[in-house]
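In: sequence first, predicted coordinates after that:
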Amino acid sequence: MFRNSMFRKLVMPVLAFALIAAFTVQSADAKNSKWKEQQQSLFDEMGLKPGETIDKKDWERINEYLPESMVRWVKDGVIEMRIGAMEYDITHDESLIKDSAKNAGKYTLDEKKNLIEKGSGKPPLWVHGMPFPEVACENDPDSSNIKKDSNGAAKFIYNRLLALNRHGSEMKYWSCDWIGFTNGFERTIKNYWARSMYWYRPDGQVPNPGKLRYRDLTVVLEPFDVAGTAQLTLRHIDGSEDELYVYVPAIRRVKRMSGANRSDPYMGSDISVDEGTCWAGLTSSFKWIFVEERNALFLMTEWNTKHPLKMRLLPNGKTWQSPVDEEAMRVQWEDGDAWKESGLAPWGPANMVFVPRKMYVIKSEPLDAYYNTGNVIYWADKETYWLDYKIIWNRADEYWKTMIVPPMCSDWAGKHGIQHEHGYMTVDEKLKHATVIYRGGTPKGLGKILYTEFNNPEVNPRMFTVERLKTLTK
């Protein structure tokens, strides 16, 4: 357990908050007034209806709307697909669009694909809104800009960074389950993650002597044998290699690691730190290629298709916290042994549905010879910047694994949109193994409540230092 005074405040039982009077934010106005008509048009084009279930008997109906590996899973009876529909608009509120519009013509990418100011030619200390509104959906409805611009895909990824990180700081408790293809659930670990942003903070620009985009921290909390393992990342505005520090409790030492180590398996699982929220790596360390725009099926928890997550304001008047009654993402093994009889995968989606969306297919190629993966294909939602699917090849250019990342659309501080994942599944088809990440609710494997907070004053640069790394669990 954390015994440090600052972390006692951060990890006080979430149920205690439920007894405190708090405010609930009203849903902000999303920007797409024609979302219902557009969704129905996609249903008509794709020949699908809400409520249908697609399985191995009629897999051909979804052949064009998912990555090849997922289509194969349906064909082989590994997963079944329930078709759903959005009951509200998940696109971002107008504040993001207005803030981003002011950046038109202000930024570009240098020869290393790092973000710089056009005027000074230097990396910006502060960015307010998405840096490239010209490749944003509302300014590029026919996708002509992202298609024609050789840097269009990289610009889309920079836009994503700002669109999904506009709350200053974020912290979350999350669990990581090991799932075998034949034996199901194996074990779980509980973790803490936090990020302190320097760009697009709701409280405005803050001192940034280290010239960083953000600081990231990941700490293992349970079980006892691995508790205290911690990893700190400092990401620089100049696109140089990440500063990566790891505290190993067994030797009681902090070790400086290569930034490429962020692509190594996290605690022996099937995921890496760079795969957080599908992509958390250094954008300029990859070559980004726009492949196509296509009709696709976007995976979300059914609960979140009906209404956004209503985050609540805590008594400090600054922090927004996910509610304790949030429904957790669920996979097949959590519903008992039925998956064994049906032939469904234990890691397969259980309380999730597929909804029709316009998506971009984007390819990335690693520039670092020591990076742990080869080429990657992402399926990205055109309007929300969410990366829902990730298809990964190894360094020998062989298909390796598929990552599925259902998002969570939230309301907070008068804002609306997707900001984080509900969880994700990474399926390693070479090792016949999967890892499932949970970010909210009470997952069965852990049996404890998980939650997220935006803009907690305790999550600040002072806690993201090498000196603090080895004291976090004391």
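Out: Now that the structure is in, tell me what you want to look at. Numbers count the residues shown, from 1 in each chain.

In: only C-alpha atoms from now on, for both contacts and neighbour counts.
Out: Will do.

In: and stretch 433-441, how far from the chain's centre?
Out: Distance of stretch 433-441 from the chain centroid (CA atoms, centre = their mean, to the nearest Å) equals 12 Å.

In: keeping just the C-alphas, turn that stretch into CSV.
Out: C-alpha atoms of stretch 433-441 as CSV (Å, rounded to 0.1, in the frame of the first residue of the first chain):
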residue,chain,number,x,y,z
HIS,A,433,-2.4,-15.7,-25.1
ALA,A,434,-4.3,-12.4,-24.3
THR,A,435,-4.1,-9.5,-21.9
VAL,A,436,-7.2,-7.6,-20.9
ILE,A,437,-7.0,-4.1,-19.4
TYR,A,438,-9.8,-2.6,-17.3
ARG,A,439,-10.1,1.1,-16.5
GLY,A,440,-13.4,1.5,-14.7
GLY,A,441,-16.1,-0.3,-12.6
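
In: where do the helices of the stretch 1-150 of the chain begin and end?
Out: Taking DSSP state H, counting those that start in this stretch to define them, one finds helices in the stretch 1-150 of the chain at 5-10, 14-18, 35-46, 68-75, 94-101, 144-148.

In: of all those, which lies closest to residue 206?
Out: Nearest of these to residue 206, taken as CA to CA: helix 94-101 at 17.9 Å.

In: can you point out the buried residues in the closest one?
Out: 94-97, 99-101 (16 or more other CA atoms under 10 Å).

In: show me what contacts the nearest residue to residue 423 once chain neighbours are set aside?
Out: Leaving aside its sequence neighbours, residue 423 sits nearest to residue 438 (CA to CA, 6 or more residues apart in numbering; 4.5 Å). Taking CA atoms under 8 Å, 6 or more residues apart in numbering, we find residue 438 in contact with 174-176, 328-329, 422-424, 450.

In: tell me what residue 438 is bridged to.
Out: residue 175, residue 423 (DSSP bridges).

In: least trustworthy helix or strand in the protein by mean pLDDT?
Out: Of all helical and strand segments in the chain, the minimum by mean pLDDT, DSSP states H and E falls on strand 23-24, at a mean of 35.

In: now neighbour count and distance to residue 244 too, for the contacts of residue 438, in CSV please.
Out: What follows is the contacts of residue 438, written out as CSV (neighbours: other CA atoms under 10 Å; distance: CA to CA, whole Å):
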residue, neighbour count, distance to residue 244
174, 25, 21
175, 27, 22
176, 26, 21
328, 20, 31
329, 26, 30
422, 23, 26
423, 25, 24
424, 25, 24
450, 25, 26
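
In: how much space between the nearest residue to residue 96 once chain neighbours are set aside and residue 110?
Out: Of all residues not flanking residue 96 in the chain, residue 129 sits nearest, at 6.1 Å (CA to CA, 6+ apart). Here the criterion is CA to CA, to the nearest Å. By it, residue 129 lies 20 Å from residue 110.

In: mind checking which of those two has more residues around it?
Out: Neighbour comparison, residue 129 and residue 110: the larger count goes to residue 129, with 25 against 15 (by other CA atoms under 10 Å).

In: so that one is in contact with residue 164, correct?
Out: No - if you go by CA atoms under 8 Å, residue 129 and residue 164 don't touch, sitting 10.3 Å apart.

In: show me where the stretch 351-474 of the chain has strands.
Out: Counting by DSSP state E, counting those that start in this stretch, the stretch 351-474 of the chain has these strands, from start to end: 352-366, 376-381, 387-393, 399-404, 407-412, 415-421, 423-428, 433-438, 452-454.

In: hmm, I was thinking of the stretch 201-350 of the chain
Out: 212-222, 230-236, 243-248, 253-257, 286-301, 309-310, 312-313, 320-321.

In: centre-most residue in the protein?
Out: residue 277 (2.0 Å; CA atoms, centre = their mean).

In: tell me the pLDDT of that residue.
Out: Looking at residue 277, its pLDDT reads 93.

In: got any ranges where the stretch 351-474 of the chain has weak pLDDT?
Out: Scanning the stretch 351-474 of the chain for pLDDT under 70 picks out 473-474.

In: mind doing that once more with 90?
Out: 460-462, 467-474 (pLDDT under 90).

In: just give me the neighbour total for residue 318.
Out: 13.

In: got the contact list for residue 253?
Out: 247, 470.

In: could you measure it against residue 457, distance?
Out: Taken as CA to CA, the span from residue 253 to residue 457 is 28 Å.

In: could you do residue 311 as well?
Out: Applying CA to CA to residue 311 and residue 457 gives a distance of 17 Å.

In: what does residue 275 give?
Out: Distance, residue 275 to residue 457, using CA to CA: 26 Å.
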